[in-house]
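Novice: Here you go, sequence then predicted model.
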Amino acid sequence: MLDAPLAYEPVWRDMQAFTDAAGADTPDEFWFLAHEPVFTQGTNGRPEHVLAPGDIPIAPSDRGGQVTYHGPGQLMGYVLADVRRLGMGIRSLVEGLELAVIETLDGYGIMARARRDAPGVYVPAAGDAKIASLGLRVRRGRCYHGLALNVDLDLEPFTRINPCGYQGLAMARIVDLAGPIAMDQVAADLAPAICRRLGLPRPPLPEPRLAPAPAMG
């Protein structure tokens, strides 16, 4: 289901359109998908952190943070939610997503942690390499964007940038730490963990979709 990557910009524009059209009763949604190879530059992004992009395009983004890489084999978990309805601030939202990833990885026997000084999820056993990145945008009381979890993607493009603005930051992926696992399975495990951490109703359990997932608000 998640092996047909999508271009970044149309998905980004769809998130903006969903957020702008959402009303007080619009259910929250998760979108699970993979992207075609792209470097995305967040609102705090500095051009000097893009070292040698080569043939991979650079796309602007209105999420927070610096430059990162997305590509096939990386699970994107976009959270489109009413943060006022959740009663959460941005820091609590980020922490909830980090804990959901940590919980999911623990189920695969991977011990991971969050860092207060640098949003994301890190693996101490791999030299504190980063296995998941987070970036959010809040507009009209709703958030969009979300997290990127490295499942089985090629890590080489990260050497062409300073990931998240950190020179030499090492990256990790699930398959190197826990063996082969399908992207669909990771999405199916991650969705209920996000619901628990954000206080959302537990989602139904059909296979995750490549495009927007079922509403869960």
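Specialist: That came through fine. Numbers count the residues shown, from 1 in each chain.
Novice: which stretches of this protein aren't confidently modelled?
Specialist: 1, 3, 202-217 (pLDDT under 70).
Novice: Bridged to the residue nearest the centre of it, which residues?
Specialist: Centroid-nearest residue in the chain: L147, 1.4 Å away (criterion: C-alpha atoms, centre = their mean). Going by DSSP bridges, L147 is paired in beta bridges with G77, L134.
Novice: so it touches I131, yeah?
Specialist: No: judged on C-beta atoms under 8 Å, L147 makes no contact with I131 at a distance of 10.5 Å. All C-beta atoms are positioned from the backbone trio N, CA, C, and that covers glycine.
Novice: Need the residues touching each of those two.
Specialist: Jointly contacting L147 and I131 under the rule C-beta atoms under 8 Å, 6 or more residues apart in numbering are V101.
Novice: Please report how far the residue nearest to the centre of the chain lies from L2.
Specialist: Per C-beta to C-beta, to the nearest Å, L147 is found 14 Å from L2.
Novice: I'd guess A114 is in a helix, am I close?
Specialist: No: read with DSSP: H, G, I helix; E, B strand; the rest coil, A114 is strand and lies in no helix.
Novice: in the sheet, who's paired with it?
Specialist: The partner residues for A114, given DSSP bridges, come to V121.
Novice: Go ahead and confirm it touches E95.
Specialist: Yes: using C-beta under 8 Å, A114 is in contact with E95, at 7.0 Å.
Novice: element containing T68?
Specialist: strand 67-70 (DSSP states H and E).
Novice: Paired strands for that strand, with orientation please.
Specialist: With DSSP bridges as the test, strand 67-70 pairs up with strand 38-41 (antiparallel).
Novice: F39 - nearest residue in space that isn't next to it in sequence?
Specialist: Nearest residue to F39 in three dimensions, chain neighbours excluded: I58, at 4.7 Å (C-beta to C-beta, 6 or more residues apart in numbering).
Novice: wait, what's in contact with A112?
Specialist: Here A112 is in contact with 101-102, 105-106, 121-124, 131-132 (C-beta under 8 Å, 6+ apart).
Novice: now swap in W12 and tell me
Specialist: 59, 61-62.
Novice: who wins for neighbours among these?
Specialist: Among the contacts of W12, the one with the most neighbours (other C-beta atoms under 10 Å) is S61, at 22 neighbours.
Novice: roughly how far out does the strand holding T68 sit from the chain middle?
Specialist: Distance, stretch centre to chain centre, for strand 67-70: 11 Å (C-alpha atoms, centre = their mean, to the nearest Å).
Novice: ditto for stretch 68-78
Specialist: Distance, centroid of stretch 68-78 to centroid of chain: 7 Å (C-alpha atoms, centre = their mean).
Novice: bridging residues for E29?
Specialist: The partner residues for E29, given DSSP bridges, come to L80, A215.
Novice: pretty sure it contacts A22?
Specialist: No: applying C-beta under 8 Å, one finds E29 not in contact with A22, separated by 9.4 Å.
Novice: what do the two both touch?
Specialist: Looking at what touches both E29 and A22 (by C-beta under 8 Å, 6+ apart), the common residues are L80.
Novice: Need the three-state assignment for the residue lying closest to Q74 once chain neighbours are set aside.
Specialist: Spatially, and ignoring its direct neighbours in sequence, Q74 is nearest to L153 (4.3 Å; C-beta to C-beta, 6+ apart). Assigned by three-state DSSP, the conformation of L153 is coil.
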